[in-house]
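> Turn this into a model:
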Amino acid sequence: MRLGLEDGRRSGKCCVSSTPLLVLLALAGVCHGVKQLPESPNFVVLFADDMGYGDLSVNGHPTIRTPNLDTLAHGGIRFTQWYSAFHICSPSRAAMLTGRLPIRSGTTGAGWTGGVFGASAVGGLPKNETTFAEALKTAGYATGMVGKWHLGQKTEFLPTNNGFDEYFGLPYSDDMGSSVWDNYYNKDRPPLPLLHNTTIIEQPTNLGTLTQRYADYASGFIDRNKDKKFVLYMAFSHVHTPNFVSKEFCNTSSRGRFGDAAAEMDNAVGGIMKALDDAGIRNNTLTFFTSDNGPWLIRHLDGGSAGPFYEGKTTTWEGGVREPGIVNWPGTIDPGQIAHQVVATYDIFPTMLKLAGVPLPKDRVIDGRDMSPLFTNSSTPSQHDCIYIYKGTPQGPTQPGLWAIRCGPYKAHFVTNNHINTSAVTHDPPLLYHLERDATEVYSLSPKGAEYTAAMETIMAAKKTHEASLTPVPNQMGKGEDPSQKLCCDPDSKKKYPKYQECTCNPENWQAWKCGNPELQPDISLYTDLH
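A predicted model of the protein is given here:
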């Protein structure tokens, strides 16, 4: 009987002929090759910062060690074609939270080459956008966020005003405010603040202890809500520069400080998974792991690796937008799977809503697709016909925001740049690559060939349909910055602490421990651009 059952699972055909009716009914889902997904699981979204496809040991890095993420991958599905929505931070996060390309929320940057929200930004994630936290609250979920936000530092834009019951973390990137790890003075960028909900609780932040505090807060949220349904969004500040670490991880990786930071983040992942185990809810929790965008190559050894892919952050080449992707759900997702289907970070939104029984908003375009069919049927095709890769906000016909499109295995580049030569280069006819054969984007197809012509017909038709679906919205980053909107614990702090920068409320953190022996930086002239 066991052999018959296994054969039936593989073939999708009914697998028993002389079993009592009740057993047949119980096995009906298996006999049709479909495992029923449990309803309303908990959700954990683990989001790295500036981590490239090649920065995990499970993805082949020879010296970085990420045993907890490796275990997460081996216990579920590791994706090889997981795309971010954007090549830099704020737009990518807006898309993940809303299931919509950032062009639809006005968060693709002030200009056609993109941008992020500054430390005194006027704009932020628009209030008419619906985050997965807001949607899941309608189904009774507790909602918590820990870590980097970067979708507007004004109170009206912070996580607790976007559906999260509680928040602990940095309002933006760890280099957008000074600290002992990145000590500089900028009157429009106050010392790096740490928030609890909407209150500044530390300024400057002691980065050397931050990752463990992130993990502790996330674990506490899990423990407080273990008897409820919950969603936890854990947005790490690692591995964005400066690569701060605790004493435990200082100078422990042969990859250098970047490897130290990756190992510390991995350790925090292990702590969060242990909290799920200790609460006895691991099998009822669906966990996602990915990164906001590719590695920051201009940081040299302080930045990461895109592995086999060309380029990184700030570009629309594969290295800028193809990310590590892991999905884990013990008891529901079979372990040891590698998925080659195209998925995207903004698929997290519709996937969670589907499993929670929450209908998608009907008054807007949702670009994400429910990826849950892949959880129980590895042969499920990709739900994306095309992936639209924006560089920024369109500024007219000669300055398009949409720089690349992937349809099936073909990817067209209309405009390109790289992290060394940042000037935009327009391609007419567009560059076209077959990513299944040429993932490194080295060998562009000849525009004179029939394959090129057929693929470009499909891509251009998709481009026309996509652009027709866009509705003009206010450019949130185009609203600029207002120094009066910066986060400051005490504008008169100089009276108390005249030796330190304005907005200092924790002067002891200017003397906090910092890991030494920074790596030497390579000569940029040694970089070879194969393109």
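> Now for Phe236: which residues touch it?
Applying Cβ atoms under 8 Å, 6 or more residues apart in numbering, we find Phe236 in contact with Leu46, Phe47, Ala48, Asp49, Gly147, Lys148, Thr211, Tyr214, Met265, Ala268. In this view, the C-beta of every residue, glycine as well, is placed from N, C-alpha and C.
> pLDDT weak spots in the stretch 51-200 of the chain?
Along the stretch 51-200 of the chain, no part satisfies pLDDT under 70.
> which residues in it form helices?
67-74, 89-98, 132-137 (DSSP state H, counting those that start in this stretch).
> Between these, which one is closest to His434.
His434 lies closest, by Cβ to Cβ, to one member of the helices of the stretch 51-200 of the chain: helix 89-98, at 25.7 Å.
> related to what we said a few turns ago, just the buried ones from the contacts of Phe236?
Leu46, Phe47, Ala48, Asp49, Gly147, Lys148, Thr211, Tyr214, Met265, Ala268 (16 or more other Cβ atoms under 10 Å).
> among these, which are in strands?
The strands, defined by DSSP state E, take in Leu46, Phe47, Ala48, Gly147 from the buried ones among the contacts of Phe236.
> Now distance to Gly303 too, for these, in TSV please.
What follows is those, written out as TSV (distance: Cβ to Cβ, whole Å):
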residue	distance to Gly303
Leu46	20
Phe47	18
Ala48	13
Gly147	20
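> Just give me the closest of these to Gly516.
Ala48 (24.8 Å).
> Please report how far the closest residue to the closest one other than its chain neighbours lies from Arg299.
If the residues on either side of it in the chain are set aside, Ala48 comes closest to Ser291, at 4.1 Å by Cβ to Cβ, 6 or more residues apart in numbering. As for Ser291, its distance to Arg299 is 15 Å (criterion: Cβ to Cβ, to the nearest Å).
> The two: who's more crowded?
Ser291 (27 against 21; other Cβ atoms under 10 Å).
> any idea how far Pro324 is from the more buried one?
6 Å.
> what touches both of those two?
Ala48, Met51, Gly52.
> ok so, going back, format the buried ones among the contacts of Phe236 as CSV; extra columns: distance to Ala94.
Shown next, in CSV, are the buried ones among the contacts of Phe236 (distance: Cβ to Cβ, whole Å):
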residue, distance to Ala94
Leu46, 18
Phe47, 13
Ala48, 17
Asp49, 15
Gly147, 16
Lys148, 13
Thr211, 24
Tyr214, 21
Met265, 22
Ala268, 24
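> tell me which of those is nearest to Gln81?
Of the buried ones among the contacts of Phe236, the one sitting nearest to Gln81 (Cβ to Cβ) turns out to be Ala48, at 17.7 Å.
> Could you pull up the residues touching Ala142?
Counted by Cβ under 8 Å, 6+ apart, Ala142 has contacts Asp165, Asn225, Lys228, Lys229, Phe230, Val231.
> before we move on, what about Ala48?
Here Ala48 is in contact with Phe236, His238, Val239, Met265, Phe289, Thr290, Ser291, Asp292, Pro324 (Cβ under 8 Å, 6+ apart).
> Ala439 versus that one, what's the distance?
From Ala48 to Ala439 the distance is 21 Å (Cβ to Cβ).
> got it, and Pro409?
From Pro409 to Ala439 the distance is 10 Å (Cβ to Cβ).
> go on, Ala424?
24 Å.
> More neighbours: these two, which one.
Between Ala424 and Ala439, counting by other Cβ under 10 Å, Ala439 is the more crowded of the two (19 against 16).
> quick check, that one in a helix?
No. Under DSSP: H, G, I helix; E, B strand; the rest coil, Ala439 sits outside any helix and is assigned coil.
> Who are the contact partners of the residue nearest to it when sequence neighbours are not counted?
Residue nearest to Ala439 in three dimensions, not counting chain neighbours: Pro308, with 6.0 Å by Cβ to Cβ, 6+ apart. Pro308 is in contact with Tyr53, Gly54, Ala439, Thr440, counting by Cβ under 8 Å, 6+ apart.
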